[in-house]
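Participant: no sequence for this one, just the structure:
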């Protein structure tokens with residue numbers, strides 16, 4: 001999630017018990033061993049895990065072990081990788097995908113049509129989809145989270161008489177969204193295959209289908225889609241996920257601020273952060289331009305002016321805030337918004353290990369201070385044959401349109417409960433959600449409000465989720481929360497009162513049950529932090545703060561990415577010592593010590609290692625890898641003076657000042673071997 005689009009206003013004013021209070025009670029009953037990574041990593045059962053899906057019993061003959069030395073801190077205008085590795089730039093912002101786009105212009109002369117056929121701005125979540133199982137040719141799908149107007153327009157954004165020029169707005173709309181890129185490895189270099197039939201762009205104006213309980217209801221009927229079956233565009237695409245049947249899920253995060261309602265706002269609009277005077281980018285002010293087509297710009301002003309939602313654009317905003325499914329293998333398919341999975345500031349969607357005959361579970365964080373963690377459980381039971389089907393969007397209808405959305409409550413003693421967001425569920429005041437909100441479509445439209453109502457646990461900015469490939473433990477990053485204070489339910493004795501460093505929580509879950517076990521995996525801190533702050537005993541070689549992106553590869557290596565640019569993150573000492581980074585570790589499975597907390601292992605401090613450091617002021621985000629693990633991909637978002645022009649070498653700093661471009665970086669070993677080991 002970028003430093004420029006964080007929702008800095010606390011939208012959750014509910015009095016639910018904060019996670020910090022529960023954490024204090026839970027930690028007071030645990031063995032805390034100061035000065036070791038094991039005390040906060042909570043549950044390393046060993047330094048390695050079986051690559052064959054066995055547990056963590058120390059079968060070293062089959063274990064994956066990290067094979068690189070942890071990098072030192074770095075603050076340069078370049079990427080840093082371990083010895084023996086190389087890093088190259090691919091798909092930088094504005095790279096043409098076909099001949100309909102002009103080449104990148106350093107002077108900013110590219111038009112909105114050029115951007116419609118080029119990679120977008122500010123790369124974020126992504127995934128590599130192999131073609132025929134290949135590790136040298138596949139489809140790289142990349143989110144483009146937001147725009148920097150000053151970087152996008154040569155002279156900055158303009159406004160004439162309070163109205164934005166239509167061409168500028170179209171450039172901004174087309175710089176958002178998702179890119180599908182056909183990539184191929186030629187020798188040791190990766191490149192985009194120009195004019196491939198697979199290359200596609202999804203922008204903030206691309207028509208998309210609505211599916212699930214909200215689709216077809218009065219909530220989403222507009223002059224553009226009078227049946228409530230479609231909406232134009234996907235916005236602020238941050239984290240991502242995939243499905244067991246081979247589709248991509250892009251998460252709509254801080255979409256609400258793109259809309260403005262200058263009249264009376266609904267409770268749901270207030271809860272998600274719809275603007276009251278002007279939209280974030282003021283797209284709505286271009287309305288009335290002679291070239292505008294069917295509310296192209298007017299739709300971002302959702303003020304009620306007519307008799308109903310077919311007379312104005314009041315319902316346009318209700319088509320945003322979802323997980324969006326894309327089939328990268330079918331260029332003719334339509335992206336589909338899965339409304340059953342909830343409507344909030346989604347930050348990714350990791351699925352639990354599929355088990356034949358059991359429902360599927362997807363986990364998603366709501367990235368804002370004091371927001372919640374959600375789980376969607378399918379009504380349909382998993383059939384492994386569905387992983388082989390070619391009608392992948394239809395498979396999505398089967399598993400993602402019907403099911404139950406839950407929100408997490410974290411209790412003491414490492415226990416938790418999933419609270420169903422269904423009409424029958426009782427709230428804190430004894431009423432049911434149905435009595436307070438109405439039918440399931442109304443509950444989903446105001447997912448945050450429903451979660452408040454049932455008593456979910458407010459968290460410190462829940463971000464990406466990742467599921468261990470063999471034991472199924474779910475990991476989630478809590479980036480930071482500088483607003484956590486006594487007034488919000490914590491106390492001065494809480495060592496994480498002003499949580500500038502963030503931490504990672506994990507839990508073990510069964511999609512068929514509504515209870516789970518949890519612990520804290522690692523606490524972010526600088527190496528010099530005191531014992532209460534540096535509970536994980538981090539050193540200068542693995543100090544971290546503001547964990548954000550997180551992903552497992554299928555060998556069981558956990559990759560952790562950081563973003564210190566937002567919500568006060570620059571106030572932490574780590575950000576003053578090193579640029580944002582990606583670390584790796586091989587965690588063991590969760591275990592309980594007689595139900596009171598985690599088994600503490602004090603021998604693993606060296607096992608959390610810094611693998612990558614990015615250029616100055618850039619966020620490290622997005623993770624993908626080839627099936628043979630010889631190439632991994634990550635994204636550099638919002639750099640200030642990178643990459644160096646005239647070279648694909650990501651580790652080279654520019655000679656002078658350049659126009660910065662968010663980009664994907666592909667990392668390989670110089671000898672062509674697997675990454676990380």
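Facilitator: That came through, no problem. Treat the numbers as computed from the prediction; the structure is a model and nothing was measured. Residues are numbered from 1 along each chain as shown.

Participant: going forward, measure contacts and count neighbours with C-alpha atoms only.
Facilitator: OK.

Participant: Which pLDDT value belongs to the residue positioned nearest the centre of the chain?
Facilitator: By CA atoms, centre = their mean, the mean C-alpha position of the chain lies nearest to residue 239, the distance being 2.1 Å. pLDDT, the model's per-residue confidence, is 97 for residue 239.

Participant: hang on, isn't it packed against residue 141?
Facilitator: No: Residue 239 is beyond contact range of residue 141, at 11.9 Å (criterion: CA atoms under 8 Å).

Participant: Doesn't the residue nearest to the centre of the chain lie inside a helix?
Facilitator: No: assignment of residue 239 by DSSP: H, G, I helix; E, B strand; the rest coil gives strand, placing it outside any helix.

Participant: Skipping its backbone neighbours, what lies nearest it in space?
Facilitator: Closest residue to residue 239 in three dimensions, ignoring its sequence neighbours and counting by CA to CA, 6 or more residues apart in numbering: residue 348, at 4.1 Å.

Participant: would that neighbour count as being in a strand?
Facilitator: Yes: checked against three-state DSSP, residue 348 lies within a strand.

Participant: Around it, count how many other residues there are.
Facilitator: If you count neighbours by other CA atoms under 10 Å, residue 348 ends up with 30.

Participant: show me what contacts it?
Facilitator: Contacts of residue 348 were listed using CA atoms under 8 Å, 6 or more residues apart in numbering, and they are 238-241, 249-251, 363-365, 463-465.

Participant: Now render those residues as JSON lines, adding distance to residue 214.
Facilitator: Below are the contacts of residue 348 laid out as JSON lines (distance: CA to CA, whole Å):
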{"residue": "238", "distance to residue 214": "22"}
{"residue": "239", "distance to residue 214": "23"}
{"residue": "240", "distance to residue 214": "22"}
{"residue": "241", "distance to residue 214": "21"}
{"residue": "249", "distance to residue 214": "18"}
{"residue": "250", "distance to residue 214": "18"}
{"residue": "251", "distance to residue 214": "17"}
{"residue": "363", "distance to residue 214": "20"}
{"residue": "364", "distance to residue 214": "19"}
{"residue": "365", "distance to residue 214": "20"}
{"residue": "463", "distance to residue 214": "25"}
{"residue": "464", "distance to residue 214": "25"}
{"residue": "465", "distance to residue 214": "25"}
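
Participant: Make a ChimeraX selection of whichever of those turn out to be buried.
Facilitator: Command for ChimeraX that selects the buried part of these, burial taken from 16 or more other CA atoms under 10 Å:
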select :238,239,240,241,249,250,251,363,364,365,463,464,465
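
Participant: Mind listing what's buried along stretch 384-402?
Facilitator: In stretch 384-402, counting by 16+ other CA under 10 Å, buried: 386, 392-393, 395-396, 398-402.

Participant: I'd like to know which of those are part of helices.
Facilitator: 392-393, 395-396, 398-400 (DSSP state H).

Participant: State the pair within these that is farthest apart.
Facilitator: 392 and 400 (11.7 Å; CA to CA).

Participant: Need the residues touching each of the two.
Facilitator: Common neighbours of residue 392 and residue 400 (CA under 8 Å, 6+ apart) do not exist.

Participant: can you put the buried residues of stretch 384-402 in CSV and add pLDDT?
Facilitator: Formatted as CSV, these follow (pLDDT from 0 to 100):
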residue, pLDDT
386, 98
392, 98
393, 98
395, 98
396, 98
398, 98
399, 99
400, 99
401, 98
402, 98
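
Participant: distance of the residue nearest to residue 239 from residue 225?
Facilitator: 27 Å (CA to CA, to the nearest Å).

Participant: Kindly report the same for residue 201.
Facilitator: Counting by CA to CA - residue 201 and residue 225 are separated by 22 Å.

Participant: what about the stretch 1-150 of the chain, any weak spots by pLDDT?
Facilitator: 1-8, 10, 12, 15-62 (pLDDT under 70).

Participant: So which residues of it form strands?
Facilitator: For the stretch 1-150 of the chain, strands defined by DSSP state E, counting those that start in this stretch occupy the ranges 49-50, 63-64, 85-90, 123-130, 137-144.

Participant: Which of those sits closest to residue 211?
Facilitator: Nearest to residue 211, of the strands of the stretch 1-150 of the chain and by CA to CA, is strand 137-144 at 21.1 Å.

Participant: For the closest one, which helices and strands make contact with it?
Facilitator: strand 123-130, strand 177-186, strand 237-242 (3 or more CA pairs under 8 Å, 6 or more residues apart in numbering; DSSP states H and E).

Participant: which residues touch it?
Facilitator: Against strand 137-144 from outside (CA under 8 Å, 6+ apart): 120-131, 175-185, 198, 236-240, 248, 250, 328-329.

Participant: need the contact list for residue 619.
Facilitator: 2, 562-565, 580-581, 636-639 are the contacts of residue 619 under CA under 8 Å, 6+ apart.

Participant: where does this protein have low pLDDT?
Facilitator: 1-8, 10, 12, 15-62, 486, 489-496, 566-570, 592-606.

Participant: Name the residues of stretch 208-227 that are buried.
Facilitator: Buried, per 16+ other CA under 10 Å, within stretch 208-227: 208-216, 218-224.

Participant: Just give the number of residues close to the closest residue to residue 426 other than its chain neighbours.
Facilitator: Leaving aside its chain neighbours, residue 426 sits nearest to residue 432 (4.1 Å; criterion: CA to CA, 6+ apart). Using other CA under 10 Å, residue 432 has 19 neighbouring residues.

Participant: how close does residue 432 sit to residue 373?
Facilitator: Taking CA to CA, one finds residue 432 at 21 Å from residue 373.

Participant: and if you look at residue 586?
Facilitator: From residue 586 to residue 373 the distance is 24 Å (CA to CA).

Participant: again, but for residue 619
Facilitator: Distance from residue 619 to residue 373, by CA to CA: 23 Å.

Participant: just residue 504 next, same as before
Facilitator: 13 Å.

Participant: got a list of contacts for stretch 440-455?
Facilitator: Against stretch 440-455 from outside (CA under 8 Å, 6+ apart): 12, 14, 16-17, 213-214, 217, 267-268, 271-272, 318, 339-340, 342-344, 371-372, 407, 409, 419, 421-423, 425-428, 433-434, 437.

Participant: quick one: terminal-to-terminal distance for it?
Facilitator: End residues of stretch 440-455 are separated by 18 Å (CA to CA).

Participant: Kindly report the same for stretch 209-226.
Facilitator: The first-to-last residue distance of stretch 209-226 comes to 13 Å (CA to CA).

Participant: what does it rub up against?
Facilitator: 227-231, 294-295, 309-316, 318-319, 334-340, 397, 400-402, 440-442, 444-445.

Participant: now the residues you listed: which count as buried?
Facilitator: 228-231, 295, 309-310, 312-316, 318-319, 334-340, 400-402, 440-442, 444-445.

Participant: Return the subset of those residues lying in strands.
Facilitator: Secondary structure assignment by DSSP state E places 230-231, 336-338 of the buried ones among the contacts of stretch 209-226 in strands.

Participant: I'd like the residues you listed laid out as TSV, including distance to residue 171.
Facilitator: Shown next, in TSV, are those (distance: CA to CA, whole Å):
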residue	distance to residue 171
230	23
231	19
336	24
337	24
338	27
